[in-house]
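Participant: sequence unknown, structure follows:
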């Protein structure tokens, strides 16, 4: 069995409005995770959205009964 090598991490500094910081903190607390993890997931979602846009697709929200071509999970 192969062990997964941890990805190299880079530290970034971020300046955001106080209201956004309050929302971020609240979401992290409600989700039982950290603000850093929420930001990483948001960046992952943004990367996926821009890649799909290049393919002519759009990111949106759908009700459960609607058919989706791609589902974003783990966010």
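Facilitator: In hand now; what should we look at? As the structure is a computational prediction, the values presented were derived from the model and not from experiment.
Participant: need the three-state assignment for residue 58.
Facilitator: What DSSP: H, G, I helix; E, B strand; the rest coil gives for residue 58 is coil.
Participant: number of nearby residues for residue 48?
Facilitator: The number of residues packed near residue 48 is 14, by other CB atoms under 10 Å. Using the backbone N, CA and C atoms, a C-beta is placed for each residue, glycine as well.
Participant: what about it, distance to residue 70?
Facilitator: 8 Å (CB to CB, to the nearest Å).
Participant: same question, residue 40
Facilitator: 20 Å.
Participant: try residue 54
Facilitator: 14 Å.
Participant: again, but for residue 53
Facilitator: 12 Å.
Participant: mind showing which ranges of the protein have poor pLDDT?
Facilitator: 1-3, 73-75 (pLDDT under 70).
Participant: hmm, 50 instead?
Facilitator: For the chain, no stretch has pLDDT under 50.
Participant: the longest helix in it is where?
Facilitator: Looking across the chain with DSSP state H, the single longest helix is helix 35-54.
Participant: with neighbour numbers in mind, choose between residue 40 and residue 70.
Facilitator: Neighbour totals were compared for residue 40 and residue 70, and residue 40 leads with 14 against 10 (other CB under 10 Å).
Participant: and that one, what is it in contact with?
Facilitator: Contact analysis of residue 40 by CB atoms under 8 Å, 6 or more residues apart in numbering lists nothing.
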